[in-house]
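Visitor: what's the 3D shape of this:
(one chain, ligands or ions: 1)
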Amino acid sequence: MAYVIAEPCIGTKDTACVDACPVDCIHPRKDEEKYATTEMLYIDPQECIDCGACVPVCPVSAIFALDDLPEKWASYAEKNAAYYGR
Ligand code: SF4
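Guide: Predicted structure coming up:
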């Protein structure tokens, strides 16, 4: 299982989650070139350790454990993985 970033992140890209993540598995970071052209942030499902630290810091409640991902945003599990070529 991994955590997933869903639709509310689009256009928000707050990055508080990036700072909270202990394993640096949320990208793009603000200091990465792709940040400017990517519509939202994504969690690497292979690197995420399921700690949940990113969830409470998100100002738009965009992050969910895979099991809690609302059905309407189910496609975001694949979207997060796809960003990393998973
Ligand atoms: Fe990073 Fe933990 Fe969030 Fe996974 S659950 S993305 S490891 S902060």
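Visitor: can you list the residues of this protein near the ligand?
Guide: Residues of the chain lying close to the ligand by C-beta under 6 Å from any ligand atom are 3, 20-21, 23, 25-26, 43, 48-54. C-betas here are computed from N, CA, C, even on glycine.
Visitor: now these: which count as buried?
Guide: The neighbour-count test (16 or more other C-beta atoms under 10 Å) marks 3, 20-21, 25-26, 43, 48, 53-54 as buried among these.
Visitor: Which of those residues fall within helices?
Guide: Using DSSP state H, the members of these that fall within helices are residue 20.
Visitor: still on that earlier bit, export the residues of the chain next to the ligand to a markdown table and append columns for pLDDT.
Guide: Written out in a markdown table, the entries for these read as follows (pLDDT from 0 to 100):
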| residue | pLDDT |
| --- | --- |
| 3 | 98 |
| 20 | 98 |
| 21 | 98 |
| 23 | 98 |
| 25 | 98 |
| 26 | 98 |
| 43 | 98 |
| 48 | 98 |
| 49 | 98 |
| 50 | 98 |
| 51 | 98 |
| 52 | 98 |
| 53 | 98 |
| 54 | 98 |
